[in-house]
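Engineer: The following block contains a protein sequence and its predicted model.
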Amino acid sequence: MPAVRGDGMRGLAVFISDIRNCKSKEAEIKRINKELANIRSKFKGDKTLDGYQKKKYVCKLLFIFLLGHDIDFGHMEAVNLLSSNKYSEKQIGYLFISVLVNTNSDLIKLIIQSIKNDLQSRNPIHVNLALQCIANIGSKDMAEAFGIEIPKLLVSGDTMDVVKQSAALCLLRLFRKSPEIIPGGEWTSRIIHLLNDSHMGVVTAATSLIDALVKKNPEEYKGCVTLAVARLSRIVTASYTDLQDYTYYFVPAPWLSVKLLRLLQNYTPPSEEPGVRGRLSECLETIFNKAQEPPKSKKVQHSNAKNAVLFEAISLIIHNDSEPNLLVRACNQLGQFLSNRETNLRYLALESMCHLATSEFSHEAVKKHQEVVILSMKMEKDVSVRQQAVDLLYAMCDKTNAEEIVQEMLAYLETADYSIREEMVLKVAILAEKYATDFTWYVDVILNLIRIAGDYVSEEVWYRVIQIVINREEVQGYAAKTVFEALQAPTCHENMVKVGGYILGEFGNLIAGDTRSSPQVQFQLLHSKYHLCSAATRALLLSTYIKLVNLFPEIKNQVQEVFRADSNLRSADVELQQRASEYLQLSIVASADVLATVLEEMPAFPERESSILAVLKKKKPGRIPDEIRDSKSPQPVTAPVINSTNNTNNSSADLLGLSTPPGTAAPTGNGLLDVLGDLYNTSKPNSNTIQQNNVKKFLFKNNGVLFENELIQIGVKSEFRQNLGRIGLFYGNKTQFSILNLKPELHWSEASKLNVQMKPMKPLLEAGAQIQQMLTAECIEDYIDTPSMSVTFLYNNVPQKITMKLPLTLNKFFEPTEMNGESFFARWKNLGGEQQRAQKIFKAQGVIDLVSTRTKLAGFGMQLLDGIDPNPDNFVCAGIVHTRVQQVGCLMRLEPNKQAQMFRLTVRSSKESVSQEICNLLADQF
């Protein structure tokens, strides 16, 4: 084997060749141990070693370390090399220290002193070696030791450009380890003005540093926007011949362009400076124009560099979301990439279009590419590209194209890659429910979903279809007929048996009139699947059988035989055994009336948001597109009707569980029944004080005592969903005499913004009794204040009047919104305009208690987002205010200052009046 050269170090070259020529591991270890003994004796015994010999032996130690052996000596010799004036010796010394010296080493002080000497050197090569060593070690000790020298080097006018580059990158490394290293004040503007440096290498390194600083403190470095736009403008308008040293395959400074575009994504569009905004738009237009030009080279490096700049420009346009023309143009440009032969380009185009689909300006433009996206889903060879196509179809779906997209996804599901089937099932289920105008179509879709991909249908999906069928009478008969037909297939999935068992047990009577689906046929069909199912499904079927006994007494004997079967009555599964024995006894002992009472039709489920979306977000965090950001966005057409009439006996309408019919009293033995869980005080409370306190506390809760004095208690229990609300008021008589002529009256001048309807109630409230009154509310558009209500009555022939505020503040119509950190701060920056934010600074009511503050915010209606703010004491929340007219996204940040006992509250939303009202509601509440 030929000898290896060692940059003039013959001994090193011979040693490396010896190692390579070893025939076994044992031989290698023996040779290494021999060399280590030789080096150790040289370091200990020979005090006249020159720099060359030290360098050679230190290099051997480095090589041995790279082979995986521990090195426990030679550190002092490496430190001695740092004082050499020869580049090769100093370089090896720094390399050894960067790799082998522990930050807790006793030598660290010597090393720091040597580095300081080199930083003050007039030789730029020595300075660069020192900076590289600092960055490689990157410890807090290094940050503390050089936190002053390195910023000075960076902004000094005497520093050479090559040193400035290294200083910027070294400072970036230390900043990531110790953020407090960067000084503020005048240093800020001096660092920002590096973007104007004449040397492109300095600008490139400084841009990376400024981008990190902006993420930590955006307000302080806001001045970088103007300089970044100016520098970007000079680059994109330059010819590749103007920047020859920084031109990559005919693309001028592509890395710097990408960094500048990313830097600008930390801020909202510069609305305060129209000139800067116009110049930025021109830059983006120019990038699009250059993308349309014929390529100047056929090499892949040229197209990669050009497309890197283009995609980053599109990301900035999506982030700003304020220029309709640019958004549509970006969509058209991405549409061209969908047919490109390069797989990576198609993937990136689909990914970017997913974000464009959430903008009100570009949603329609994205929909024009629907056919191509469907083809991508079906024809792409790469599964990751097919996945992106599915994501884009999900994002572009609205009520105009929902049926077509759902059918295409169902058709593709039969041949889809196994890795994406479960996610596709969830998305089809969400879209089918969200955009269903006819729930018979929804039932068909879900049953097809179970038939095609039953193994991937989670419990949440089939639970949801049951809830919807139970709650909607008009679809129950169709669902029973359809699931009956589906069960007749020779093979059907177990999830289909579960759905069929549940629906036929509840609504089998609706199709029993047809001889083809008589009670006997229904029972035999279900039981034919019984022996093929798991224990959990068998348990469900046993419940179905006892339900069938109640619906169809003529099949009781057959069902009882099933219950008596040894496989059930003596089953090893305790649940099956218990159900079989209990159901058997119930069918034998109970009369028809008792059986009908026990096995009556299931009540409607409370209307709630589907849990399927939460499952999808959990499976693919950050991958699920947000709703379209405007009132033009497609809305679910399945909103529940809360304002139903004659609902006292219909549990499906009783979303609150307030099942006491209006006007009926709930007698108590020892005082008034307190359904709200609030105990009466023994002392006589001051009504005005209680009224004020109670109104405030309802900002953070929905149930409790609204008003109380020595005569009457008024409690409230409420529920809200999207822009609809339902409020139950409980009037309790605390006296030994009847209250007469009880008459509540609503006072509200903004009925066009909040429509409140009050149902009539009986005017008599017996002694010690309680009656209930229902109110419904619909938020039409955002409003301030809250409705008032006066209650008049006679007590001992003395007229009484109470006036109070109803707990119908705007925050009641919040929908909590989950967000990751990236999404939150992107939205936060988007909503940075003067007309979109409101802020208040106020003194804490007592000693700041973070736990209490968190509890209050959790009840305010917004989603409390953990792990988002860099300061763990700060609270950030996100939510959507639902009105009939529009949905208003809202973000909130609460910053406690324990030392000053103050709070700073900032609210940002897409509508000024909402920001102001939410800010006013929360101010002084902590």
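Structural biologist: Sure, I can see it.

Engineer: ok, so what distance separates the residue nearest to the spatial centre of the chain from Lys618?
Structural biologist: In the chain, the centroid-proximal residue (CA atoms, centre = their mean) is Met819; its distance is 2.7 Å. Using CB to CB, to the nearest Å, one obtains 14 Å as the distance from Met819 to Lys618. Heads up, the C-betas are built off the backbone N, CA and C, glycines and all.

Engineer: what does Ala536 give?
Structural biologist: Plainly put, Ala536 is 23 Å away from Lys618 if you go by CB to CB.

Engineer: Ramachandran angles for Leu775?
Structural biologist: Dihedral angles phi and psi of Leu775 (degrees, to the nearest 10) take the values phi -130, psi 150.

Engineer: Nearest spatial neighbour of it, chain-adjacent residues omitted?
Structural biologist: Ile727 (4.2 Å; CB to CB, 6 or more residues apart in numbering).

Engineer: The one you found should be in a strand, yeah?
Structural biologist: Yes. Per DSSP: H, G, I helix; E, B strand; the rest coil, Ile727 lies within a strand segment.

Engineer: What residues are bridge-paired with it?
Structural biologist: For Ile727, the beta-bridge partners are Ser718, Leu775 (DSSP bridges).

Engineer: Please apply the same query to the one 5 residues further on.
Structural biologist: According to DSSP bridges, the partner residues bridging Gly732 are Gln713, Gln770.

Engineer: What is the burial count for it?
Structural biologist: Neighbourhood size, Gly732 [other CB atoms under 10 Å]: 27.

Engineer: Equivalent analysis for Gly93, please.
Structural biologist: 26.

Engineer: Quick check, it in contact with Ser84.
Structural biologist: Yes. At 7.2 Å, Gly93 counts as touching Ser84 under the criterion of CB atoms under 8 Å.

Engineer: Now for Gly889: which residues touch it?
Structural biologist: Applying CB atoms under 8 Å, 6 or more residues apart in numbering to Gly889 gives the contacts 629, 817, 827, 831, 878-880, 909-910.

Engineer: For those residues, which single residue is the most surrounded?
Structural biologist: Counting neighbours by other CB under 10 Å, Ser909 leads the contacts of Gly889 with 26 neighbours.

Engineer: so it sits right up against Gln887, yeah?
Structural biologist: No. Counting by CB under 8 Å, Ser909 does not reach Gln887; the two are 10.6 Å apart.

Engineer: Which secondary structure element of the chain has the lowest mean pLDDT?
Structural biologist: helix 687-697 (a mean of 47; mean pLDDT, DSSP states H and E).

Engineer: What residues sit buried inside the first helix or strand past it going along the chain?
Structural biologist: Scanning forward in sequence from helix 687-697 by DSSP states H and E, the next helix or strand is strand 703-708. Judged by neighbour count using 16 or more other CB atoms under 10 Å, the buried positions of strand 703-708 are 703-708.

Engineer: next one: phi and psi at Thr415?
Structural biologist: phi -120, psi 10.

Engineer: Count residues in the vicinity of Asn471, would you?
Structural biologist: That count, for Asn471 with other CB under 10 Å as the rule, works out to 18.

Engineer: From Glu433, how far out is it?
Structural biologist: From Asn471 to Glu433 the distance is 12 Å (CB to CB).

Engineer: And Ala844, by the same measure?
Structural biologist: Going from Ala844 to Glu433 by CB to CB gives 45 Å.

Engineer: residue ranges for the strands of the stretch 501-650 of the chain, please.
Structural biologist: Assigned by DSSP state E, counting those that start in this stretch, the strands in the stretch 501-650 of the chain number zero.

Engineer: Poorly predicted segments of it, please.
Structural biologist: 608-609, 619-650 (pLDDT under 70).

Engineer: JSON lines please, covering the buried residues of strand 703-708 and showing pLDDT and distance to Leu542.
Structural biologist: JSON lines is the format used below for the buried residues of strand 703-708 (pLDDT from 0 to 100; distance: CB to CB, whole Å):
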{"residue": "Asn703", "pLDDT": "84", "distance to Leu542": "38"}
{"residue": "Gly704", "pLDDT": "83", "distance to Leu542": "43"}
{"residue": "Val705", "pLDDT": "83", "distance to Leu542": "46"}
{"residue": "Leu706", "pLDDT": "85", "distance to Leu542": "47"}
{"residue": "Phe707", "pLDDT": "85", "distance to Leu542": "51"}
{"residue": "Glu708", "pLDDT": "83", "distance to Leu542": "50"}
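
Engineer: Out of these, the closest to Leu532 would be?
Structural biologist: Nearest to Leu532 out of the buried residues of strand 703-708 is Asn703 (CB to CB; 47.1 Å).

Engineer: beta partners of the closest one?
Structural biologist: Lys717.

Engineer: Just confirm it contacts Val716, I think it does.
Structural biologist: Yes. Counting by CB under 8 Å, Val716 is a contact partner of Asn703 at 6.7 Å.

Engineer: before we move on, the earlier item: mutual contacts of Ser909 and Gln887, please.
Structural biologist: Val881.

Engineer: Next one: Cys779, what pLDDT does it get?
Structural biologist: On pLDDT, Cys779 comes in at 91.

Engineer: Helices of the stretch 451-600 of the chain, start to end?
Structural biologist: 459-471, 476-487, 494-507, 519-527, 535-551, 556-564, 566-569, 574-589, 592-598 (DSSP state H, counting those that start in this stretch).

Engineer: now the shortest one, how far from the chain's geometric center?
Structural biologist: Per CA atoms, centre = their mean, to the nearest Å, the displacement of helix 566-569 from the mean C-alpha position of its chain is 49 Å.

Engineer: Now do it: which elements does it pack against?
Structural biologist: When contacts are defined as 3 or more CB pairs under 8 Å, 6 or more residues apart in numbering; DSSP states H and E, helix 566-569 sits against helix 574-589.

Engineer: contact partners of stretch 548-563?
Structural biologist: Counting by CB under 8 Å, 6+ apart, residues outside stretch 548-563 touching it are 504-505, 508-509, 512, 519-520, 522-523, 527, 530, 542, 545-546, 568-569, 580-581, 583-584, 587-588, 592, 595-596, 599.

Engineer: again, only using 7 Å
Structural biologist: When contacts are defined by CB atoms under 7 Å, 6 or more residues apart in numbering, stretch 548-563 is touched by residues 505, 508-509, 512, 519-520, 523, 527, 545, 568-569, 580, 583-584, 587, 595-596, 599.

Engineer: and it, which residues are buried?
Structural biologist: Those would be 548-552, 555-556, 558-560, 562-563, for stretch 548-563 by 16+ other CB under 10 Å.

Engineer: Walk me through the domains of the chain.
Structural biologist: As recorded under the TED database, the domains making up the chain are 183-320, 442-598, 692-808, 811-924.

Engineer: Low-confidence bits of this structure, can you list those?
Structural biologist: Using pLDDT under 70, the flagged stretches of the chain are 1-8, 103-105, 240, 271, 608-609, 619-696.

Engineer: thinking again about what came up before, now the domains of the chain as a markdown table including distance to Val385?
Structural biologist: Putting those into a markdown table (distance: least, CB to CB, whole Å) gives the following:
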| stretch | distance to Val385 |
| --- | --- |
| domain 183-320 | 16 |
| domain 442-598 | 21 |
| domain 692-808 | 36 |
| domain 811-924 | 23 |
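
Engineer: closest one to Ile39 among those?
Structural biologist: Nearest to Ile39 among the domains of the chain is domain 183-320 (38.5 Å), distances taken as CB to CB.

Engineer: what about the residue nearest to Phe926 when sequence neighbours are not counted, neighbour count?
Structural biologist: Leaving aside its chain neighbours, Phe926 sits nearest to Thr853 (5.2 Å; criterion: CB to CB, 6+ apart). Using other CB under 10 Å, Thr853 is surrounded by 18 other residues.

Engineer: got it, and the one 4 residues further on?
Structural biologist: Residue crowding around Leu857 was assessed by other CB under 10 Å; the count is 21.

Engineer: I am finished for the moment; much appreciated.
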